[in-house]
Structure formats: structure tokens, C-alpha cells
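K.L.:
sequence? don't have it. structure:
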Ligand SMILES: *[C@@H]1O[C@H](CO)[C@@H](O)[C@H](O)[C@H]1NC(C)=O
Ligand SMILES: *[C@@H]1O[C@H](CO)[C@@H](O)[C@H](O)[C@H]1NC(C)=O
Ligand SMILES: CC(=O)N[C@H]1CO[C@H](CO)[C@@H](O)[C@@H]1O
């Protein structure tokens, strides 16, 4: 059961137990195991197993230390935080209906800028004409991690700023996390779409970016959000609400190990990636942490919504799901061949390709979906700086895609 040890003294005891067994039992054992079966480097094997222990432990105890969240602008050296104003006037259509069911509205939340190393850009500086920007939505199953630059997921933005030559800054929004049962339920779907909208509105109507030049990046649950948020913009493009206009969709979407099926429709496939890749990935069993995160996120919308709502599960195999990607921006999808979500990402990719075609989306008539399947890649490996050489190779592919250059390394 998730969070069995979330209160003291059990939390402390559990963490001590985990640390001791890790040092004296598990690490030596894994090393021996590795020596018998080499495919990755030893460092990579051990790192990966430690990430798995970390994820499992978090699921038992909750966060070890205080994690930054939407309630405060967290300061720090080189941290460029800003407050983002609410956008209740931009909530319309289905979003308004779902927000009503969940009883959520838009509030003021923080966002953080990251700048390319060595550059000196004032916070929220007016863009140059044609300046491209990365708008980042972090992963963490909608229940953990943060947009703050001290969070591990910010490694993705740093990698992009390093490798994507024409981009000099990125902006990440501190969307409200869904809160799970033992901690008091709050902020279910569509809170995160509303918060993504607030950040987007800030970039366009306060800072002055052209939507065409915004590349929305989402990893894992952030990929789910990037997709859903773009669908909202597309479905309500140009709609006037209370004197405000829904902004145009972004110029491009970058989906990294996106979480696209929150139903369990891919889980029972006997030769599927859940069964085959569980030992090579660090995401545990779907009935433990994932189901607790899902119910926190779904809130009053419940599991029916996970099966059939195309804003929530664009990759669901449920027979009632009909989905149309016409009008979507050009999209880059990355999946790791060693991840448990592999099959659901393929389903999503196939649906997108059916409507948009394969390609870079730069030339007239070219298809808009570019997909890479990284051999031995685990879930969200771009967030793990030690996952080389796959990580650098993937960032180079992304750089090529951003600039429409031919793809070869
Ligand atoms: C919101 O939900 C309530 C019921 O909870 C309903 O009476 C009301 O009409 C709804 N409002 C909108 C704007 O959908
Ligand atoms: C998808 O949407 C587009 C534009 O709204 C429409 O032209 C097309 O017929 C739709 N495709 C299907 C299969 O419904
Ligand atoms: C590393 C590994 O075993 N990857 C497997 C993950 O699952 C897919 C099924 O979708 C297989 O094709 C991969 O070989």
C-alpha cells in the first residue's frame, strides 16, 4: 500500500532501513549480478537500480525533504522566479465544465526562467523578433517534482539549452500538483491545464512571445499535460471569452516518454512492454504508486475519464475512444525501448501519424510527426544526466528537428 510509512517514527525507520540495506546488501549484490550479465555499464546499472529504490521509497514515505511548490516563489542563487497571474477569463468550453466538476479555478502561481550558460538575459526580457523559446512542463506522475531549477527534471531544460543552438532560454511553470489521499485530496484534473494556460498567457501577453515560436516540452506526466493543453488551445482557437481571446497553439511540441494512457488498456497485453520491460525500467508495478497518483489526478472525474476522455488518455485502447489530431503542431516524440510505457507511446504515435504524417514538418507537404525510439532507453532518461551516450544523442536529434536539418549523427 502506498504511503504506509509517511508518518514518523515509521518514516525515519524505513529510510534508515533502506539506506543500510542499500549500502551493505543491495549495492554489493547488484554489482555481483552485473558481473554475470553485462549489457549496460556498471555505473548505469547501479544508478538505475538506485533510481528504482528512490521511486519505491518515495512511494512508501512521501517526500524526504520539503519540495518547492506553487505556494511560494523559492529563491536561490541564479534562480529567476516570477509570479504568473491567473487566467480565469481564458477558461471556456470543456475546460470550464471540468473545472466546475473539480471546483478549481486559476490562481497566481510561480514560474522559473532558465538561461543558456554564459548569457546575461534580464528576467522576462522582451523577445527578439523570431526568438524561439522552450516552455517546459515537468514530469512526476502529476503528484511530484517541481518547476524549480533545483528539481531533477530541470536537467531536461538544461540539456536543451546546451544542445539546441538557437534557443537561449526556457520557462517552466510551477503547476499545482494533484494531492494524494493520505495528504488530503486537492488539485485534480484539469487544474494543471489551467495552470499551463496561465504560464502560456504570461509568455505571450506579458513577455511578448509569438505562439509560433514557442516549443512546448513535456516529459512523462508533463508530456500528457503538454498534449492536453495544446488540444485545448486548438479546440478553442480564436474563441472570445469575456473580451479575451484564446491564444493560438504553439509552433511545436516535444513529448519525452509521454504518459498517454492513464487507463489500464495496455497493461494486460501478455507480450507487452509492461511485462517485458519491467526489469529494465524503474517504474514499478502499476497497482502501487501509479494507481494512487492516477486517482489523485482524476479526482471526481474517476476512472471512466481515464478510459475515454481524450484529454486524459489519448493513447487509450478503449473502443469508445475516437481521436483526431488534425491541426496539431509539428511534434517530436521520444520513447525508450526499455521503458514500460513503450507500447502506449507507440499507440499514440500511430494515431498522430495517421492524421499528420511522418516527417519534420518544416517543408510544405511534409508530415509533422518525428519519432525516435531509443535502444536501451528507460523512462524519462533525459532527466538523468548520467544516462549517456543516449542522452546527448537524443538532444542532438532534437536540435536537428528544431532547425529542420537532415537527421544523421
Ligand atoms: C457547475 O456545477 C453546478 C453543480 O455542481 C451546476 O449547478 C452549475 O450550473 C455548473 N456551472 C457551470 C457554469 O457549468
Ligand atoms: C478531423 O478533423 C478535421 C478538421 O476538423 C476534419 O476535416 C476531418 O474530417 C476529421 N477526421 C475525421 C476522421 O473525423
Ligand atoms: C529492453 C527490452 O527488453 N525492451 C523491450 C520492451 O518492450 C518492447 C515491447 O513493446 C520490446 O519490443 C522491447 O524489446
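P.N.:
Now that the structure is in, tell me what you want to look at. Remember, predicted model here, so these are calculated numbers, not experimental data. Ligands and ions are numbered 1, 2, ... in the order given.

K.L.:
which secondary structure state is assigned to residue 400?
P.N.:
helix (DSSP: H, G, I helix; E, B strand; the rest coil).

K.L.:
distance-wise, check whichever residue of the stretch 51-200 of the chain sits closest to ligand 3 relative to residue 386.
P.N.:
Nearest residue of the stretch 51-200 of the chain to ligand 3, counting by CB to the nearest ligand atom: residue 52, 15.0 Å away. Every C-beta, even on glycine, is put in place using the N, C-alpha and C of the backbone. Computed as CB to CB, to the nearest Å, the residue 52 to residue 386 distance reads 14 Å.

K.L.:
now do residue 18
P.N.:
21 Å.

K.L.:
between those two, which is the more surrounded one?
P.N.:
In this view residue 18 and residue 386 are compared by other CB atoms under 10 Å, and residue 18 has more residues nearby, 18 against 13.

K.L.:
which non-adjacent residue is nearest the more buried one?
P.N.:
Spatial nearest neighbour of residue 18, excluding adjacent residues (CB to CB, 6 or more residues apart in numbering): residue 57 at 5.3 Å.

K.L.:
mind checking pLDDT for that neighbour?
P.N.:
On pLDDT, residue 57 comes in at 83.

K.L.:
need the contact list for it.
P.N.:
14, 15, 18 (CB atoms under 8 Å, 6 or more residues apart in numbering).

K.L.:
and these as JSON lines, adding pLDDT and secondary structure?
P.N.:
Formatted as JSON lines, those follow (pLDDT from 0 to 100; DSSP: H, G, I helix; E, B strand; the rest coil):
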{"residue": "14", "pLDDT": "83", "secondary structure": "helix"}
{"residue": "15", "pLDDT": "85", "secondary structure": "helix"}
{"residue": "18", "pLDDT": "84", "secondary structure": "helix"}
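
K.L.:
list just the nearest of those residues to ligand 3.
P.N.:
Out of these, the member with the shortest distance to ligand 3 (by CB to the nearest ligand atom) is residue 18, at 26.7 Å.

K.L.:
ok, the closest one touching residue 54?
P.N.:
No - contact criterion CB atoms under 8 Å: residue 18 and residue 54 do not qualify, at 9.3 Å.

K.L.:
could I get the full set of helices for the chain?
P.N.:
10-21, 27-36, 42-61, 93-102, 154-163, 191-201, 221-235, 273-277, 291-298, 302-308, 342-356, 390-403 (DSSP state H).

K.L.:
got a markdown table for those, with distance to residue 241 too?
P.N.:
Putting those into a markdown table (distance: least, CB to CB, whole Å) gives the following:
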| stretch | distance to residue 241 |
| --- | --- |
| helix 10-21 | 46 |
| helix 27-36 | 55 |
| helix 42-61 | 39 |
| helix 93-102 | 9 |
| helix 154-163 | 31 |
| helix 191-201 | 12 |
| helix 221-235 | 12 |
| helix 273-277 | 41 |
| helix 291-298 | 25 |
| helix 302-308 | 24 |
| helix 342-356 | 27 |
| helix 390-403 | 32 |
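
K.L.:
of all those helices, which one is nearest residue 266?
P.N.:
Nearest to residue 266, of all the helices of the chain, is helix 342-356, at 4.5 Å by CB to CB.

K.L.:
report all helices and strands that the closest one contacts.
P.N.:
helix 273-277, strand 330-336, strand 369-374 (3 or more CB pairs under 8 Å, 6 or more residues apart in numbering; DSSP states H and E).
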